[in-house]
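Chemist: Any chance you can model this:
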Amino acid sequence: MLAALVKAGHSNTRARRAVIAAICETGGQASPADLLASGRVHHPALGLVTVYRTLEILLELDLVRKLHTDDGCHSYAPSTHHHGHHVICQQCQRAMEFEGCDLETVVAAVEAGTGFQVRSHWLELFGVCPECQTKSVR
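Modeler: Purely as a prediction, here's the structure:
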């Protein structure tokens, strides 16, 4: 992630490295506040504005994906596919990216019904992950 950031012409600062480390350590998704707390382990002076600015750059470079949560807030997860989607656990909020979508029929219907020309999309599915399913059974 850091190499791609630098290759795109962005500075390799201690604060950005802290945000990237926090994202990589999440293993799923994290809110900006979560990234701030985790990032401060690596760089105690890290500020929330820097977290948001770094997330904006990482979004532009397709290195992270913005996820919507049930409470209406956003969280962020590392991108593992060029064009991926997420399934999010409604109990533990764990997110997993998956590749592939067969939405051509839906997109064609939306374009025909609205006159819009669809240029991109994202798909988020919500459910219960295998770990939470197992916990519920116990």
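Chemist: Following element in sequence after the host helix or strand of A109, please.
Modeler: Using DSSP states H and E, A109 sits within helix 104-114. The helix or strand immediately downstream of helix 104-114 is strand 124-127, counting by DSSP H and E.
Chemist: Tell me which residues are up against that next one.
Modeler: 67-68, 70, 85-90 (CB atoms under 8 Å, 6 or more residues apart in numbering). Every C-beta, even on glycine, is put in place using the N, C-alpha and C of the backbone.
Chemist: go on, stretch 4-19?
Modeler: Residues contacting stretch 4-19 (CB under 8 Å, 6+ apart): 2, 20, 35, 39-43, 45-47, 50-51, 54-55, 57-58, 61, 63.
Chemist: Name the residues of it that come out as buried.
Modeler: Using 16 or more other CB atoms under 10 Å as the test for burial, stretch 4-19 gives 5, 10, 15-19.
Chemist: residue contacts, W122?
Modeler: Counted by CB under 8 Å, 6+ apart, W122 has contacts 65, 85.
Chemist: again, only this time at 7 Å
Modeler: H85 (CB atoms under 7 Å, 6 or more residues apart in numbering).
Chemist: same check, this time on R65
Modeler: In this structure, R65 makes contact with 76-77, 79, 86, judged by CB under 7 Å, 6+ apart.
Chemist: Then H86?
Modeler: Contacts of H86 (CB under 7 Å, 6+ apart): 65, 67, 77, 95-97, 124.
Chemist: do that again at 10 Å, thanks
Modeler: By CB atoms under 10 Å, 6 or more residues apart in numbering, H86 lies in contact with 28-29, 65-68, 75, 77, 95-98, 122-126.
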